[in-house]
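Engineer: Below are the sequence and a predicted model; questions follow.
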Amino acid sequence: MATIMVTGGTRGIGAGIVEKLLSEGHNVAFCGRVAPEEMTCKLAELHEKYQGKAAYFQCDVANAGQRKAFLEGTVAAFGSVTCLINNAGVAPLERMDILEATEESFERLIRINLQGPYFLTQLVANYMISHREPGQCIINVGSCSAEVASVSRGEYCISKAGIGMATKLWSVRLAEFGINVYEIRPGVIKSDMTAVVTAKYDQLIADGLTLTPRWGFPEDVAKVAAAFVRGDLAYSTGQVVNVDGGMQIQRL
């Protein structure tokens with residue numbers, strides 16, 4: 001049984017990851033920007049449904065003090081940290097052509113999507129180095145947008161490309177401590193983030209965007225995260241797993 005920290009765990013992909021890990025008996029500390037009192041019913045539901053134990057913390061990953069409190073709260077609740085899953089991320093408040101996009105939007109998104117997980121990884125990795133246990137790992141949830149350009153949300157693409165390099169950097173730096181680092185790159189996943197473009201992607205999928213002719217779901221991503229946590233890919237540190245229905249395979 002491991003103890004896993006999951007950022008952005010109240011909705012979408014993050015919520016799917018939380019439930020999958022709880023179903024496998026792990027302790028899961030997850031965070032979001034929702035007030036703790038608003039999560040009371042959800043926590044009770046999770047405890048009723050799953051063998052694993054859950055704890056919720058309010059945390060904006062862009063805030064250094066809240067990142068520290070999330071780690072300290074997790075240790076206080078469960079006594080250790082085995083894995084960190086950097087999942088929290090946001091889309092631009094408004095999709096804008098890169099010829100018109102604003103610095104305010106860029107700075108907001110980079111703080112949350114890239115700077116936050118980078119320094120949370122630093123914080124948790126130093127804790128792991130000081131408190132060694134088997135199976136320690138870092139998992140970054142990136143995006144196919146690290147490779148696929150979308151000129152109406154350039155800041156998002158840049159943030160996810162940065163996550164890709166962060167995965168490489170941390171895998172190299174933490175290898176000597178036996179801490180594996182992985183990245184999951186979802187494609188078109190059905191969630192609240194993609195709700196505003198449902199019709200667009202329904203049509204693209206119907207037209208053959210993905211080799212597997214359907215949307216992806218949070219549980220598709222969660223299954224990969226659970227495999228990493230179990231240590232199923234212990235000899236594959238630094239690797240990226242695309243969960244995109246074959247979307248990124250080049251075809252003639």
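Structural biologist: Okay, I see it. Numbering: from 1, shown residues only.
Engineer: same for the helix or strand containing residue 184, what does it pack against?
Structural biologist: In this structure, residue 184 sits in strand 180-186 according to DSSP states H and E. Secondary-structure packing of strand 180-186 (3 or more C-beta pairs under 8 Å, 6 or more residues apart in numbering; DSSP states H and E): strand 137-141, helix 154-174, helix 218-230, strand 240-243. Every residue, glycine included, has its C-beta placed from N, CA and C.
Engineer: What residues sit buried inside the helix or strand just after that strand?
Structural biologist: With elements assigned by DSSP H and E, the helix or strand that comes after strand 180-186 is helix 198-206. By neighbour count with 16 or more other C-beta atoms under 10 Å, helix 198-206 contains the buried residues 201, 205.
Engineer: which residues are contacting helix 198-206?
Structural biologist: Residues from elsewhere that reach helix 198-206 (C-beta atoms under 8 Å, 6 or more residues apart in numbering): 188, 194, 209, 213, 214, 215.
Engineer: can we see that at 7 Å?
Structural biologist: Residues from elsewhere that reach helix 198-206 (C-beta atoms under 7 Å, 6 or more residues apart in numbering): 188, 194, 213, 214, 215.
Engineer: between those, which is closest to residue 6?
Structural biologist: Residue 6 lies nearest to residue 194 out of the contacts of helix 198-206, by C-beta to C-beta, at 19.7 Å.
Engineer: how deep is the closest one tucked in, by neighbour count?
Structural biologist: Neighbours of residue 194 under the rule other C-beta atoms under 10 Å: 16.
Engineer: by how many degrees do the strand holding residue 184 and helix 218-230 diverge?
Structural biologist: The directions of strand 180-186 and helix 218-230 differ by 170 degrees, with axes from the mean of the first three to the mean of the last three C-alpha atoms, to 10 degrees as the criterion.
Engineer: May I have strand 180-186 as CSV, with CA atoms only?
Structural biologist: Extracted in CSV, the C-alpha atoms of strand 180-186 (Å, rounded to 0.1, in the frame of the first residue of the first chain):
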residue,chain,number,x,y,z
ASN,A,180,11.4,6.9,-11.0
VAL,A,181,9.8,9.7,-13.0
TYR,A,182,7.1,9.2,-15.7
GLU,A,183,4.8,11.2,-17.9
ILE,A,184,1.3,10.5,-19.2
ARG,A,185,0.2,12.4,-22.2
PRO,A,186,-3.6,12.3,-22.6
